[in-house]
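Asker: using only what follows, build the 3D model:
(one chain, ligands or ions: 1)
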Amino acid sequence: MKIFTFTVYTKPMNKMLQQAFDPEEFRKEGHKLVDLLTTYLTDCFSSQTMPVLPPSVPDELFAFWTADLKKPDFNLQEFYTTLLSQSNHIHHPGYIGHQVVPPAPISALTEMLEAMLNNGMAIFEMGPAATAIEKVVIGWLSKHIGFGAEADGILTSGGSAGNLTALLAARQAMSNFNIWEEGNDSNQPFALMVSAEAHYSVSRAARIMGWGEKGFVKVPVNDRMQLDASKLEETLIDAQNSGIKVIALVGNACSTSTGTYDPLDQMADFAARHNLWFHIDGAHGGAAVMTEKYTHLTKGIDRADSVVIDFHKMMLTPALTTAVIFRNGNHSFETFAQKAEYLLSQTQKPWYDGAIRTLECTKKMLGVKVYAMIRQYGDDLFREYITYAYDLGLSFAKFIEEQPDFELAVKPDCNIVCFRYCPKDFSGDLNTLNASIRINILKDARFYVVQTQVNGKTFLRVTLMNPFTTLADLTLLTEAIRDDYAQIL
Ligand SMILES: Cc1ncc(COP(=O)(O)O)c(C=O)c1O
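Answerer: Got it, this is the predicted structure:
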């Protein structure tokens with residue numbers, strides 16, 4: 001091997017640059033940060049007094065940081081500590097709000113490595129090892145989905161980007177002309193069919209593709225907010241009669257608001273019968289394929305043309321890491337056909353030049369932290385985590401059903417549970433009552449709970465993402481709600 005000799009900088013040209021890149025400074029501050037985060041995690045898991053959310057007023061926080069920027073002195077560790085105290089504590093057992101996972105610590109640690117290496121990933125040369133690792137991770141998940149050897153896909157930055165990536169491929173594959181080059185044909189408006197409960201990124205994808213509001217045809221749902229398969233035929237015929245060409249059917253696995261799964265297997269039958277692309281938005285619940293107990297919820301997922309699964313939801317990974325997997329991996333190359341002579345070959349489509357297939361040009365080394373978890377803990381980590389969280393959702397729903405003063409919005413399938421307080425002696429507006437209860441829960445700061453609308457009614461919504469939250473904690477939540485009501489009266 002040739003040995004190159006680079007100039008050794010004893011004194012870089014600039015003092016600040018020297019300081020900013022000083023390896024010893026990094027070691028010193030890094031060790032302190034790891035110590036800080038270790039204490040933080042221990043506090044999150046064990047503290048009975050730590051609030052889950054800081055009291056936050058947007059203008060006050062803005063004023064605080066505006067003033068901070070003007071201060072002459074700065075201490076990095078104090079900055080980290082202040083940031084911790086002003087942030088939401090996702091690892092706190094009372095964090096049962098949005099679908100944000102407490103990252104497994106080694107996935108966060110590995111992300112620091114990714115950040116330092118900062119390989120760009122657009123093409124193989126820019127991130128060789130991480131590109132190969134990404135393909136291994138995609139293959140690993142693809143097997144769990146039940147896809148065959150011809151499946152392939154890509155990691156991208158979030159479920160919204162993932163849905164768009166998959167649906168762009170659907171559009172290209174299902175149009176009988178080169179829509180990427182020629183643009184939409186206004187004589188033949190395209191649309192996808194999806195339930196009204198789909199995440200907004202699906203209808204947004206249709207709008208981004210230029211299809212407007214008519215570009216997503218809503219299929220009615222049943223009383224559990226699942227797409228009603230018996231309505232598919234008439235919905236399709238109505239759309240066709242109004243001149244719309246439906247090219248894709250999108251299934252929720254699961255819906256964001258209520259966490260129920262669409263009848264994917266029946267939808268796969270329908271899509272096959274009508275030659276529709278079948279996409280599954282499994283951003284939250286696609287991960288159930290990792291379990292034995294809950295994999296039945298995803299029955300039919302292996303028949304989808306494309307599937308999106310977020311690692312940063314039910315797979316213990318920091319945001320954002322999303323898998324977009326195609327049953328026929330060739331479709332992964334149809335999403336984008338953009339020319340970029342300086343970067344992408346126009347004749348070859350090698351698997352290892354990721355930018356051919358993603359929205360991103362420069363991309364983070366997304367697969368590395370997932371790979372580290374798979375190797376360190378094995379599939380059992382994901383199976384245990386998802387099973388625990390889903391079990392907890394079902395146990396909490398059962399508990400709510402047993403309480404005379406609470407009601408469920410729908411029987412849940414997983415770890416998303418919507419419920420509300422409805423005391424018998426209350427004759428006012430239950431929507432207003434539950435909205436004000438939520439505000440008081442946030443002020444109390446032992447729990448972070450969100451709210452949603454189901455059939456026009458306001459419900460409290462919890463997503464049980466934290467493996468440290470127990471049924472006893474959730475029982476405490478119901479007691480806090482009762483106490484709150486007693487004070488409101
Ligand atoms: C079902 C579903 N799809 C897509 C998304 C969007 O994912 P992201 O926030 O990663 O863009 C979400 C987010 O909550 C979701 O629940």
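Asker: every contact and neighbour count from this point should use C-alpha atoms.
Answerer: Noted.
Asker: and residue 315, how close does it get to residue 182?
Answerer: 39 Å (CA to CA, to the nearest Å).
Asker: so if I had to pick from these two, which one is more boxed in?
Answerer: More crowded of residue 315 and residue 182, by other CA atoms under 10 Å: residue 315, with 26 against 8.
Asker: ok, now which ones touch the residue of the stretch 1-150 of the chain at minimum distance from the ligand?
Answerer: The nearest approach of the stretch 1-150 of the chain to the ligand comes at residue 99, 6.1 Å away (CA to the nearest ligand atom). By CA atoms under 8 Å, 6 or more residues apart in numbering, residue 99 lies in contact with 284, 313, 463, 465.
Asker: skipping adjacent residues, who's closest to the third one in space?
Answerer: Closest residue to residue 463 apart from its sequence neighbours, by CA to CA, 6 or more residues apart in numbering: residue 416 at 4.4 Å.
Asker: how about residue 294, what does it touch?
Answerer: So residue 294 contacts 288, 387 (CA under 8 Å, 6+ apart).
Asker: sorry, wrong one. I was asking about residue 240.
Answerer: residue 246.
Asker: which SSE is the residue of the stretch 1-150 of the chain closest to the ligand in?
Answerer: Residue 99 is part of no helix or strand, with elements assigned from DSSP states H and E.
Asker: and what of residue 184?
Answerer: Residue 184 is located outside every helix and strand, with elements delineated by DSSP H and E.
Asker: ok, it to residue 192 distance?
Answerer: Where residue 192 is concerned, residue 184 sits at a distance of 14 Å (CA to CA).
Asker: neighbour count: the two, which is higher?
Answerer: Ranked by neighbour count (other CA under 10 Å), residue 184 and residue 192 place residue 192 first, with 29 against 18.
Asker: helix, strand, or coil at residue 414?
Answerer: coil (DSSP: H, G, I helix; E, B strand; the rest coil).
Asker: just give the closest residue to it, not the sequence neighbours.
Answerer: Using CA to CA, 6+ apart, the nearest residue to residue 414 is residue 390, at 4.5 Å.
Asker: what does the chain have sitting close to the ligand?
Answerer: 158, 159, 160, 199, 201, 254, 255, 256, 281, 283, 284 (CA under 6 Å from any ligand atom).
Asker: which of these fall within strands?
Answerer: Among the residues of the chain next to the ligand, the ones falling in strands (DSSP state E) are residue 281.
Asker: among the residues of the chain next to the ligand, name the ones in helices.
Answerer: Among the residues of the chain next to the ligand, the members falling in helices are 159, 160, 201 (criterion: DSSP state H).
Asker: coming back round to it: let's have the residues of the chain next to the ligand in TSV, adding pLDDT.
Answerer: Converted to TSV, those look like this (pLDDT from 0 to 100):
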residue	pLDDT
158	98
159	98
160	98
199	96
201	97
254	96
255	96
256	96
281	98
283	98
284	98
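Asker: list only buried entries from the residues of the chain next to the ligand.
Answerer: Among the residues of the chain next to the ligand, those buried by neighbour count (16 or more other CA atoms under 10 Å) are 158, 159, 160, 199, 201, 254, 255, 256, 281, 283, 284.
Asker: so the fourth one makes contact with residue 255?
Answerer: In other words, residue 199. Yes: contact criterion CA atoms under 8 Å: residue 199 and residue 255 qualify, at 6.9 Å.
Asker: now find how far off-centre the helix or strand harbouring residue 162 is within its chain.
Answerer: Assigned by DSSP H and E, residue 162 belongs to helix 159-174. Centroid separation for helix 159-174 versus its chain: 16 Å, with CA atoms, centre = their mean, to the nearest Å.
Asker: where does pLDDT dip in the protein?
Answerer: Residues of the chain that meet the criterion pLDDT under 70 lie in 1, 7-13, 47-48, 337-348.
Asker: which stretches in it count as strands?
Answerer: 152-156, 190-195, 216-219, 245-252, 277-281, 306-310, 322-326, 406-408, 416-421, 450-454, 457-463.
Asker: quick one: terminal-to-terminal distance for stretch 65-78?
Answerer: Taking CA to CA, stretch 65-78 runs 13 Å from one end to the other.
Asker: contacts for it next, please.
Answerer: 29, 32, 33.
Asker: tell me the contacts of the first one?
Answerer: When the contact criterion is CA under 8 Å, 6+ apart, the partners of residue 29 are residue 77.
Asker: if we go to 10 Å?
Answerer: Residues in contact with residue 29 (CA atoms under 10 Å, 6 or more residues apart in numbering) are 35, 76, 77.
Asker: touching, residue 243 and residue 190? I think so.
Answerer: Yes: contact status for residue 243 versus residue 190: in contact at 9.2 Å, counting by CA atoms under 10 Å.
Asker: who's more crowded, those two?
Answerer: Taking other CA under 10 Å, residue 243 and residue 190 do not tie; residue 190 has more neighbours (25 against 13).
Asker: residues near the spatially closest residue to the more buried one that is not a sequence neighbour, how many?
Answerer: Setting aside the residues directly before and after it, residue 190 is nearest to residue 245 in space (CA to CA, 6+ apart), at 4.8 Å. As a burial measure, residue 245 scores 17 neighbours (other CA under 10 Å).
Asker: hang on, isn't residue 245 packed against residue 186?
Answerer: No: contact criterion CA under 10 Å: residue 245 and residue 186 do not qualify, at 11.2 Å.
Asker: in stretch 411-426, what counts as buried?
Answerer: 411, 412, 413, 414, 415, 416, 417, 418, 419, 420, 421, 422.
Asker: got it, and stretch 317-333?
Answerer: 317-329, 331-333.
Asker: cool, and stretch 106-121?
Answerer: 106, 107, 108, 110, 111, 114, 118, 119, 120, 121.
Asker: narrow these to those in helices?
Answerer: Those of those lying in helices (DSSP H): 106, 107, 108, 110, 111, 114.
Asker: state the pair within those that is farthest apart.
Answerer: 106 and 114 (12.2 Å; CA to CA).
Asker: need the overlap of contacts for these two.
Answerer: Common contacts of residue 106 and residue 114 (CA under 10 Å, 6+ apart): residue 369.
Asker: just give me the neighbour total for residue 380.
Answerer: Using other CA under 10 Å, residue 380 has 12 neighbouring residues.
Asker: also the one 3 residues further on?
Answerer: Residues lying near residue 383 (other CA under 10 Å) number 19.
Asker: these two touch, right, it and residue 316?
Answerer: No: in this structure, residue 383 is not within contact of residue 316 by CA under 10 Å, at 11.3 Å.
Asker: list the contacts for the nearest residue to residue 297 once chain neighbours are set aside?
Answerer: Distances taken as CA to CA, 6+ apart put residue 261 closest to residue 297, at 6.5 Å, once the chain neighbours are dropped. Shown in contact with residue 261 (CA under 10 Å, 6+ apart): 224-227, 251-255, 282, 285-286, 297-299, 412-414.
Asker: same thing but at 8 Å, please
Answerer: So residue 261 contacts 226, 252, 253, 254, 255, 297, 298, 413 (CA under 8 Å, 6+ apart).
Asker: distance check, it against the ligand.
Answerer: According to CA to the nearest ligand atom, to the nearest Å, residue 261 stands 10 Å off from the ligand.
Asker: now residue 488: how far from residue 102?
Answerer: 33 Å.
Asker: oh, that last question was meant for residue 236, not what I typed.
Answerer: For residue 236 relative to residue 102 (CA to CA), the value is 41 Å.
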